[in-house]
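**Q** structure, please.
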Amino acid sequence: MSGRSKGAADGTESDRPRKEGSKIHLIVDRQGLPLSIGICAVSLHDSQALISLVRGIPPIRSRRGPRRRRPGKLHGDKGYDYRHLRRWLASRGIRHRLASKGIESSRHLGRHLWVVERTVSWLSGCRRLHHRYERKPEHFLAFTAIAATLICHRRLAK
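**A** Residues are numbered from 1 along each chain as shown. The predicted structure follows:
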């Protein structure tokens with residue numbers, strides 16, 4: 001939408017201001033290490049970032065066999081509960097566990113999703129990411145990637 005309200009058929013502008021800012025999207029492993037990072041505008045819905053995040057996962061070396069290019073299972077909250085996303089994940093051979101809207105509570109996935117929330121809190125602990133100072137999204141994404149690299153280094157150095 002370009003700043004217009006859904007019900008405005010006469011072409012008048014909406015009284016609501018557009019939200020400004022950035023949202024960080026993450027795919028993490030079970031330990032909370034970031035695998036794929038993306039940023040988008042706050043006004044975009046979460047479901048629009050999932051496909052590019054899954055495609056952005058780098059090949060991961062496994063103990064045996066070829067490098068893995070996709071996760072075995074993906075957990076997500078109700079923001080990703082769309083039929084086309086479920087079909088896309090199934091066509092790629094990724095088992096998914098996405099919370100259904102209106103059917104189940106968020107508590108069932110809480111034991112899996114807190115790992116993502118913990119990683120987001122680690123990222124927000126970086127002063128450069130707490131407030132966005134950069135004008136260009138490429139620069140903000142680069143600082144986010146540096147912060148994710150530091151998280152991985154700290155976790156793997158232990």
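**Q** quick check: longest helix of the protein.
**A** helix 137-157 (DSSP state H).
**Q** so what's residue 22 closest to, chain neighbours aside?
**A** Leaving aside its sequence neighbours, residue 22 sits nearest to residue 39 (C-beta to C-beta, 6 or more residues apart in numbering; 5.1 Å). For every residue, glycine as well, the C-beta is placed using N, CA and C.
**Q** let me know the secondary structure of that neighbour.
**A** Of the three states, residue 39 takes strand under DSSP: H, G, I helix; E, B strand; the rest coil.
**Q** just say helix, strand or coil for the residue nearest the centre of the chain.
**A** Nearest to the mean C-alpha position of the chain, by C-alpha atoms, centre = their mean, lies residue 25 at 2.6 Å. The three-state assignment at residue 25 reads strand, by three-state DSSP.
**Q** who's it bridged to?
**A** residue 38 (DSSP bridges).
**Q** wait, it sits on residue 41?
**A** No - using C-beta atoms under 8 Å, residue 25 is not in contact with residue 41, being 11.5 Å away.
**Q** any shared contact partners between these two?
**A** With contacts taken as C-beta atoms under 8 Å, 6 or more residues apart in numbering, residue 25 and residue 41 have no neighbour in common.
**Q** quick one on the thing from earlier: residues touching the residue nearest to the centre of the chain, list them.
**A** 37, 38, 39, 40, 46, 49, 53.
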